[in-house]
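Asks: Build me a model from this:
(2 chains)
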Amino acid sequence: EAGVTQFPSHSVIEKGQTVTLRCDPISGHDNLYWYRRVMGKEIKFLLHFVKESKQDESGMPNNRFLAERTGGTYSTLKVQPAELEDSGVYFCASSPPGLAGGTDTQYFGPGTRLTVL
Amino acid sequence: RKEVEQDPGPFNVPEGATVAFNCTYSNSASQSFFWYRQDCRKEPKLLMSVYSSGNEDGRFTAQLNRASQYISLLIRDSKLSDSATYLCVVRSSGTYKYIFGTGTRLKVLA
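Replies: Numbering: from 1, shown residues only, chains lettered A, B, ... in the order given. Below is the predicted model of the structure:
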């Protein structure tokens, strides 16, 4: 079974530019999450989709970040305009439907390393 | 105060040693608990879920103490390949989001 995939693996952009990150979850996983790790800090939650609906956006830092999951399959996270403090590793994760025993395990993708210069 | 706290280490131990990590959490409504392993520049990978009764998987044993709000991970007979960062992760009741600790770095030395 294919795991969570993310594209690109690395992105280097200048301040003020736009970047779009993509995540393809494990097939059949309704739940999709975005997390971010900035240097020296812990991994932090950004938001959670159930299928195409945003279930929890409490971690989104500001309105420069826009996440979408049209059709309930892959998701994109756009940062526009990017700022220096947006640099970090952006992880996507997915999990099966529900929160029953064992199904709340989240499977992480390899991450996109974003550098804003 | 952080919601999930871990000693960042590094813990430098010789091969074959036993090493234990603790993690404390502040939210008493926390419902699910996990240890993830993260290798350098890689994604977190599930090591084990942590249950109230404690659980063991080979050389790894996890314990949960709800009264004191801490989780532990014990690694016996350490291998060089165990060198990694171990992330303590907590999920609260009614939410799907994971709360991560900063991770504890382990180095197993030959």
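
Asks: lowest confidence element among the helices and strands of chain A?
Replies: strand A:53-56 (a mean of 93; mean pLDDT, DSSP states H and E).

Asks: Which strands and helices lie in contact with that strand?
Replies: strand A:44-50 (3 or more C-beta pairs under 8 Å, 6 or more residues apart in numbering or on different chains; DSSP states H and E). Just so you know, the C-beta spots here come from the backbone N, C-alpha and C atoms, and that holds for glycine as well.

Asks: picking up where we left off before, list the helices and strands the next helix-or-strand element following the least confident helix or strand of chain A packs on?
Replies: Next along the chain after strand A:53-56, taking DSSP states H and E as the criterion, comes strand A:65-68. Strand A:65-68 is packed against strand A:44-50, strand A:75-79, with contacts defined by 3+ C-beta pairs under 8 Å, 6+ apart.

Asks: From the rest of the structure, what touches the shortest one?
Replies: The list of residues contacting strand A:75-79 from outside it, by C-beta atoms under 8 Å, 6 or more residues apart in numbering or on different chains, reads A:18-23, A:25, A:32, A:34, A:46, A:49, A:64-69, A:86, A:90, A:92, A:114.

Asks: In its sheet, which strands sit next to that strand, and in what direction?
Replies: Strand A:75-79 sits in its sheet next to strand A:19-24 (antiparallel), strand A:65-68 (antiparallel), going by DSSP bridges.

Asks: Around chain A, pick out the residues from chain B.
Replies: Residues of chain B lying close to chain A by C-beta under 8 Å from any C-beta of the partner chain are B:2, B:4, B:32, B:34, B:41-46, B:49, B:87, B:91, B:95-103.

Asks: what's near enough to touch the spatially most central residue of chain A?
Replies: Most central in chain A under C-alpha atoms, centre = their mean is A:Trp34, positioned 2.8 Å from the mean C-alpha point. By C-beta under 8 Å, 6+ apart, the contact set of A:Trp34 is A:23, A:45-47, A:67, A:75, A:77, A:90-92.
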